[in-house]
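Enquirer: No letters, just coordinates:
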């Protein structure tokens, strides 16, 4: 990281950012160029879980180009100024890379959806109808690298 003064060095802060937010931006590289999506997610123990329909570009790209990068931001606030160059932004963010895969194990699939639901709602236990589980896909990003960055303000 070029600006070491903005680096979040405490791993617990990085974990907290991942564990308390609801939107992740995931980017794939494809033959046509970058493909970026904002998605709901759940985080636990070095893994990010995302739900999906069983078809579509996200699924195809995940099969053919499983290396991804991602970003999660929080504490975002634009700080205004009387001068154009005086405006700044307060923020914290986590950036990372990983490998995405389609979860095929039914137990992990249900666990991944539970992690997503708990992160979004705060409710730890869910029952999912089997017909719903049969028609959705859970993707898992195995995190390989993580860095955190924050504004100095």
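Expert: Structure received. Quick caveat, the model's predicted, so the values are computed rather than measured.

Enquirer: Show me where this protein has its strands.
Expert: For the chain, applying DSSP state E gives strands covering 7-8, 23-30, 33-40, 42-44, 47-52, 67-79, 88-102, 137-150.

Enquirer: any chance of these in JSON lines, with mean pLDDT and mean neighbour count too?
Expert: All C-beta spots, glycine's among them, are computed from the backbone N, C-alpha and C. Putting the strands of the chain into JSON lines (pLDDT from 0 to 100; neighbours: other C-beta atoms under 10 Å) gives the following:
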{"stretch": "strand 7-8", "mean pLDDT": "84", "mean neighbour count": "16"}
{"stretch": "strand 23-30", "mean pLDDT": "96", "mean neighbour count": "17"}
{"stretch": "strand 33-40", "mean pLDDT": "97", "mean neighbour count": "12"}
{"stretch": "strand 42-44", "mean pLDDT": "97", "mean neighbour count": "21"}
{"stretch": "strand 47-52", "mean pLDDT": "97", "mean neighbour count": "20"}
{"stretch": "strand 67-79", "mean pLDDT": "87", "mean neighbour count": "16"}
{"stretch": "strand 88-102", "mean pLDDT": "90", "mean neighbour count": "17"}
{"stretch": "strand 137-150", "mean pLDDT": "96", "mean neighbour count": "18"}
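
Enquirer: Nearest to residue 119 among those strands would be which one?
Expert: Smallest distance to residue 119 across the strands of the chain (C-beta to C-beta): 4.1 Å, for strand 42-44.

Enquirer: In contact with the residue most central in space within the chain, which residues are there?
Expert: Taking C-alpha atoms, centre = their mean, the centroid of the chain lies closest to residue 24, which sits 3.4 Å from it. Applying C-beta atoms under 8 Å, 6 or more residues apart in numbering to residue 24 gives the contacts 38, 39, 40, 41, 48, 50, 70, 71, 72.
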